[in-house]
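**Student:** what follows is a predicted structure for the sequence shown.
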Amino acid sequence: MSAPANSDKNPGGKIPATIVTGFLGAGKTSLIQHLLKNAGGKRLALIINEFGALGVDGEIVKGCRIEGCPEENIVELANGCICCTVADDFLPTIKALLDRANPPDHIIIETSGLALPKPLVKAFNWPEIRTRVTVDGVVAVVDGPAVAAGRFADDPQAVDAQRKQDEGLDHESPLAELFEDQINCADLIIVNKADQMSGAEHELAQAHIIKELQRPAKMITARFGEVDPRVLLGLDARAEDDLAARPSHHEMEGEDHDHDDFESFHIDVPELATPQDLLARLAPTIERHDILRVKGFLAVAGKDMRLVLQGVGNRLQHYYDRAWEVHEGRRGQIVIIGLKGLDQAAITAALTLRLAA
C-alpha cells in the first residue's frame, strides 16, 4: 500500500525533519509562516529556538492560527542556543513529538540566529531517535542585501595577513563565522529579500556566497520568504549520515563554541497613543548603540489588535497580526539583541521616555 498523500516519511519509515538556519533577521520566521500556510494538508510540528526571554517568533507563528499546525504543535526552546542544549532541551522535545499517538508528518526546526547547525544535525544520530527521524534537509536563509553589502565578507586568510600588520585587526567577526558555518551545512540556500536588491546587488550576494561555499548546495532567491513547500520539503538529504561533507569553521579552527559576543534584553513598553513616536526613536537608537535586531509586540490605544515590530539593523517593519488575548493584558514588550556591552539603561531610556498613551 502506498503512503498517504500528505505523508513525507522516507522509505525507511522515518519522520523527516527540516532545519531552518540563518542569521538574525534573515527571514526565517517569514519562510516558516509561508510554509505552514501552504502545507497542503501535511501535519507539521514546529520547534522554535528563540534567543531572548520573550518568545516573539513563536508568538508570531501562533498568531497566524494556521490550519494543520495547531498551537500544541509549536514548541519553543528558550533556554539558550539549541546547538548548546541538545541533550537537555532538544532531544526530549523531539522524542515527545515522536511518542505522540498521532505524530507529525514533518518536523520543522527554526534555530536561533546564533546556532551552529552541524551540532544539531549530529544530534539526530542519538540512539533514542536515530531509527525514527531523519534530517530531510538543512535550509539556510540569508539576508541578500546584507551579504551584497559585504557584511560577511571576512576571509580568514586575508584577516590573518592583516593581523601581522595591525594588532587592531586581531579579531574575526563572529557573525561572519556563523554565516560561513550555516551556508556550508546547508542543502538549500535561500537568498531572501530579493525585492530589496538590484540586479547587480543580487549578483554580488550570490558571488559572495559561492566564494564561501566549500560544498555543493542549491541556491534560490525569495521575496518575504515565499518559497514553494515542494522546494523546501522532500530533499531527502539524510544529513545526519553526511556530516563529513559539511565543513565547520569552528571545527577546522579548533574553537570552542560560545555566544559571549551577544546579549539580549527586553523592554516593557506601555500602551502607546501612536507607534510613530517609538518608531522615530528606534532608528537613531539602533544606529547609536549598534543594535543588531529589534522585535516584539506593542499595544496601541484604540486598536484591538497587537502591533508586531521587527527590525534588522535600521530596516524596520510593523503590522497588526491579531487581537490581544484577555490574559495578555495589552502589555507591550520588545527584545533588543546586539553585541555584548549594550548600554541597556541608555537604550531603555531612549525608547521609553514619555511614551505612555
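**Tutor:** Cool, got the structure.

**Student:** can you give me how far the top strand by length along the chain is from the chain middle?
**Tutor:** What stands out as the longest strand in the chain, according to DSSP state E, is strand 133-143. The chain centroid and the centroid of strand 133-143 are separated by 11 Å under C-alpha atoms, centre = their mean, to the nearest Å.

**Student:** next one: stretch 345-353
**Tutor:** Relative to its chain's centre, stretch 345-353 lies at 26 Å (C-alpha atoms, centre = their mean).

**Student:** which parts of it are buried?
**Tutor:** 347, 348, 350, 351, 352 (16 or more other C-beta atoms under 10 Å). (Glycine included, C-beta is placed from N, CA and C.)

**Student:** thought the fourth one was touching residue 280?
**Tutor:** So the one you mean is residue 351. No: between residue 351 and residue 280 there is no contact under C-beta atoms under 8 Å: 10.5 Å.

**Student:** got the domain ranges for this structure?
**Tutor:** What automatic domain parsing lists as the domains of the chain is 15-253, 262-352.

**Student:** returning to what we had before: partner strands of the longest strand of the chain, parallel or antiparallel?
**Tutor:** Applying DSSP bridges, strand 133-143 is found paired with strand 15-22 (parallel), strand 188-192 (parallel).

**Student:** any idea which of those is most buried?
**Tutor:** strand 15-22 (a mean of 27; mean count of other C-beta atoms under 10 Å).

**Student:** would you mark the buried spots in the following helix or strand past that strand?
**Tutor:** Moving toward the C-terminus from strand 15-22, the first helix or strand encountered (DSSP states H and E) is helix 28-37. Neighbour-count burial for helix 28-37, counted by 16+ other C-beta under 10 Å, picks out 28, 29, 30, 31, 32, 33, 34, 35, 36.

**Student:** could those residues be laid out in JSON lines, adding distance to residue 286?
**Tutor:** Formatted as JSON lines, the buried residues of helix 28-37 follow (distance: C-beta to C-beta, whole Å):
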{"residue": "28", "distance to residue 286": "20"}
{"residue": "29", "distance to residue 286": "19"}
{"residue": "30", "distance to residue 286": "20"}
{"residue": "31", "distance to residue 286": "24"}
{"residue": "32", "distance to residue 286": "25"}
{"residue": "33", "distance to residue 286": "24"}
{"residue": "34", "distance to residue 286": "27"}
{"residue": "35", "distance to residue 286": "29"}
{"residue": "36", "distance to residue 286": "30"}
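
**Student:** among those, which one sits closest to residue 323?
**Tutor:** For the buried residues of helix 28-37, the closest approach to residue 323 (C-beta to C-beta) belongs to residue 33, at 18.1 Å.

**Student:** where does the prediction get shaky in the stretch 201-350 of the chain?
**Tutor:** For the stretch 201-350 of the chain, the stretches with pLDDT under 70 are 249-262, 312-314.

**Student:** need the helices for the stretch 201-350 of the chain, in chain order.
**Tutor:** Counting by DSSP state H, counting those that start in this stretch, the stretch 201-350 of the chain has helices at residues 229-232, 249-253, 276-289, 344-352.

**Student:** any chance of TSV for the ones you listed, columns distance to residue 15?
**Tutor:** Output for the helices of the stretch 201-350 of the chain, formatted as TSV (distance: least, C-beta to C-beta, whole Å):
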stretch	distance to residue 15
helix 229-232	16
helix 249-253	28
helix 276-289	41
helix 344-352	42
